[in-house]
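S.K.: no letters, just coordinates:
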């Protein structure tokens, strides 16, 4: 019984915890700052509790892993061969929201999660059911790490502990997460609020809003911020969204102020049941809408096909709906990237404004 309770707690933390009722800070901080921590912009809600039955289903789903379709992932040998053979700017998918983005000669690692369990313990919780293709030991030199938020499937302690070159990696995090890295030996860690930018290794990186929440325990609900990231290198612009619900106001604003983008990495999974997931996770159709509203040329599918028990939809449904929605809205097959786990592709497109 104790293990059952512990496992329920783990899936609760990873699936996204809700904040308490919050009051806007009286010291005139930005509207998403509160006395209790952070919240979404005022025209979108911050995630509410998802209910006991939802977490019971998460626990049950974490016990079993789905059958993996042929071609969903490639071998470690093929992954490394592709990584080393594709030159110039490129994107590699290591599963879930973990990508290697090579731009302007530098390698960015997003939301590192390369271990087995997305939880505070190594024996239970939402479980990775497909290898990343490129192990921690075989990663190329990482120049920049970007973190979207604190949930365990986006910020994995084991992966962070094992990364090498901690003295030189530049880590960019939302407000409140700096100490997570400095306590683990990282020297160059910068916290950014929404709409703040900095240039790292010649790449301009901007913290942008998303619609989500944060927690790593039952006592830190929304104590740290969540964010999307704009990445602008010498030749192309990329938007990385780790997790988000939908907001027309937020994403149109990002498109108008910071677009157009050559590539947007968009979450397409963990969206059912809608009555509880709409506040923190988009559907595949909404992901395509975000791509349109941010004026993006190529949409890259993320946050699916890797971790069991995060939500109720069939695990391999998201890319089918993503492709259908993309084609319906005028994107070609070449503009809708559904990578295999471990796959690397070259970035070849230019921004629309430069064509």
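M.R.: Arrived safely. Keep in mind that what you see is a predicted model, and the values were worked out from it rather than measured. Residues are numbered from 1 along each chain as shown.

S.K.: pLDDT score for the spatially most central residue of the chain?
M.R.: Nearest to the mean C-alpha position of the chain, by Cα atoms, centre = their mean, lies residue 242 at 2.0 Å. Residue 242 carries a pLDDT value of 98.

S.K.: what's the closest non-adjacent residue to it?
M.R.: residue 148 (2.6 Å; Cβ to Cβ, 6 or more residues apart in numbering). No exception for glycine: its C-beta is placed from N, CA and C like everyone else's.

S.K.: can I assume that neighbour is in contact with residue 224?
M.R.: No - the criterion here is Cβ atoms under 8 Å, and residue 148 misses it with residue 224 at 11.0 Å.

S.K.: residues shared between the contacts of the two?
M.R.: residue 174 (Cβ atoms under 8 Å, 6 or more residues apart in numbering).

S.K.: pLDDT score assigned to residue 11?
M.R.: On the pLDDT scale, residue 11 is placed at 43.

S.K.: ugh, wrong one, I meant residue 143
M.R.: For residue 143, pLDDT reads 98.

S.K.: list the contacts for it?
M.R.: 106, 107, 108, 168, 169, 170, 200, 201.

S.K.: same question, residue 150
M.R.: Listed by Cβ under 8 Å, 6+ apart, the contact set of residue 150 reads 176, 177, 180, 214, 215, 216, 220, 224, 226.

S.K.: tell me which element the third one is part of?
M.R.: Using DSSP states H and E, residue 180 falls within helix 178-182.

S.K.: for the fifth one, same thing?
M.R.: Element membership of residue 215 [criterion: DSSP H and E] is none; it lies in no helix or strand.

S.K.: and the pLDDT for it?
M.R.: On pLDDT, residue 215 comes in at 89.

S.K.: quick one, phi/psi of it?
M.R.: phi 180, psi 150 (degrees, to the nearest 10).

S.K.: verify the contact between it and residue 222 for me.
M.R.: Yes - at 7.0 Å, residue 215 and residue 222 qualify as touching, with contact defined as Cβ under 8 Å.

S.K.: can you say which helix or strand has residue 326 in it?
M.R.: Taking DSSP H and E as the criterion, residue 326 maps to helix 318-328.

S.K.: not counting the helix or strand just after that helix itself, show me its contacts.
M.R.: Moving toward the C-terminus from helix 318-328, the next helix or strand (DSSP H and E) is strand 336-337. The contact list for strand 336-337 (Cβ under 8 Å, 6+ apart) reads 91, 298, 299, 300, 301, 322, 323, 326, 327, 345.

S.K.: now do 7 Å
M.R.: With Cβ atoms under 7 Å, 6 or more residues apart in numbering as the test, strand 336-337 has contacts from 298, 299, 300, 301, 322, 323, 326, 345.

S.K.: now stretch 128-136
M.R.: The contact list for stretch 128-136 (Cβ under 7 Å, 6+ apart) reads 65-66, 68, 72-74, 76, 79-80, 83, 92, 94-95, 98, 114, 116, 159, 162-163, 305-308, 341-342.

S.K.: residues in contact with the residue nearest to the centre of the chain?
M.R.: Neighbour list for residue 242: 97, 111, 148, 149, 154, 267 [criterion: Cβ under 7 Å, 6+ apart].

S.K.: how about these, which pair is most distant?
M.R.: Maximum pairwise distance in these, criterion Cβ to Cβ, is 11.5 Å, between 149 and 267.

S.K.: please enumerate the shared neighbours of these two.
M.R.: Joint contacts of residue 149 and residue 267 (Cβ under 7 Å, 6+ apart) are 242, 243.

S.K.: ok, residue 241 to residue 292 distance?
M.R.: 14 Å (Cβ to Cβ, to the nearest Å).

S.K.: likewise residue 191?
M.R.: Taken as Cβ to Cβ, the span from residue 191 to residue 292 is 31 Å.

S.K.: residue 172 now?
M.R.: Distance, residue 172 to residue 292, using Cβ to Cβ: 27 Å.

S.K.: quick one, which of those two is more surrounded?
M.R.: Taking other Cβ atoms under 10 Å, residue 172 and residue 292 do not tie; residue 172 has more neighbours (24 against 17).

S.K.: did I read that right, the more buried one in a helix?
M.R.: No - applying DSSP: H, G, I helix; E, B strand; the rest coil, one finds residue 172 to be strand, outside a helix.

S.K.: going forward can the numbers begin at 82, since that is how I track them
M.R.: In the new numbering, first residue 82, that becomes residue 253.

S.K.: what's near enough to touch it?
M.R.: Contacts of residue 253 (Cβ under 7 Å, 6+ apart): 225, 227, 271, 273, 286.

S.K.: for the stretch 232-381 of the chain, what spans make up the strands?
M.R.: Assigned by DSSP state E, counting those that start in this stretch, the strands in the stretch 232-381 of the chain fall at 251-255, 269-273, 278-281, 284-289, 309-313, 318-322, 342-348, 377-383.

S.K.: any low-confidence regions in the stretch 282-431 of the chain?
M.R.: 430-431 (pLDDT under 70).

S.K.: distance-wise, check the residue lying closest to residue 384 once chain neighbours are set aside relative to residue 233.
M.R.: For residue 384, ignoring the flanking residues on the chain, the nearest one in space by Cβ to Cβ, 6+ apart is residue 348 at 3.5 Å. Between residue 348 and residue 233 the distance is 16 Å, computed by Cβ to Cβ.

S.K.: for residue 264, same thing?
M.R.: 17 Å.

S.K.: more neighbours, those two?
M.R.: Remark: of residue 264 and residue 233, residue 233 carries more neighbours, 23 against 8, as counted by other Cβ under 10 Å.
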